[in-house]
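Participant: my questions concern the predicted model and sequence given below.
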Amino acid sequence: MWGKDLLQTTDEGQKGQSRMIKVESQETKIQEMQMLEQNLQNLLMQKQAFQMELSETDAALKEIESSGDEVYKIIGQLMIKSEKSKIKEDLENKKRILELRVKTFETQETSLKEQLEKLHKQITESVKK
């Protein structure tokens, strides 16, 4: 009889330990999820800044197309007369780089969202059990 009680106590201890491990695992996953959400938020802010710069670059390119031969470039607090073709080339290069950066941010955003969704499912499933 005493042996049965010992086995029963051991089983209950293992169940309690198993529940503790599940709770710790959930807490770890929740912390990971919070970090991913913060990373996603930072990424979205950076992406938005690059999109704004891209929009400004597009607007500058349109202005150059509609302007005469005399164009100026602002460097610091100076406005310097420059060649239209050189400024246009610089802006087009800048646009390509910005588009590439935005595309990279979009790829990272998709990846982070997928990771968040996967973690969310794992947490939800472990809570239901």
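Facilitator: Thanks, I have the structure now.
Participant: now do the helices in this structure.
Facilitator: 2-66, 84-128 (DSSP state H).
Participant: ok, of the ones you listed, where does mean pLDDT dip lowest?
Facilitator: Ranked by mean pLDDT, the helices of the chain bottom out at helix 2-66, with a mean of 81.
Participant: ok so, going back, output the helices of the chain in a markdown table, with distance to residue 78 appended to each entry.
Facilitator: Glycine gets a C-beta too; all of them are placed from N, C-alpha and C. Putting the helices of the chain into a markdown table (distance: least, CB to CB, whole Å) gives the following:
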| stretch | distance to residue 78 |
| --- | --- |
| helix 2-66 | 17 |
| helix 84-128 | 15 |
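Participant: okay, these in a markdown table with mean neighbour count and distance to residue 74 next?
Facilitator: Shown next, in a markdown table, are these (neighbours: other CB atoms under 10 Å; distance: least, CB to CB, whole Å):
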| stretch | mean neighbour count | distance to residue 74 |
| --- | --- | --- |
| helix 2-66 | 12 | 10 |
| helix 84-128 | 13 | 11 |
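Participant: which one of the ones you listed lies closest to residue 73?
Facilitator: helix 84-128 (5.7 Å; CB to CB).
Participant: just name whatever secondary elements the closest one is in contact with.
Facilitator: Using 3 or more CB pairs under 8 Å, 6 or more residues apart in numbering; DSSP states H and E as the contact test, the elements touching helix 84-128 are helix 2-66, strand 71-75.
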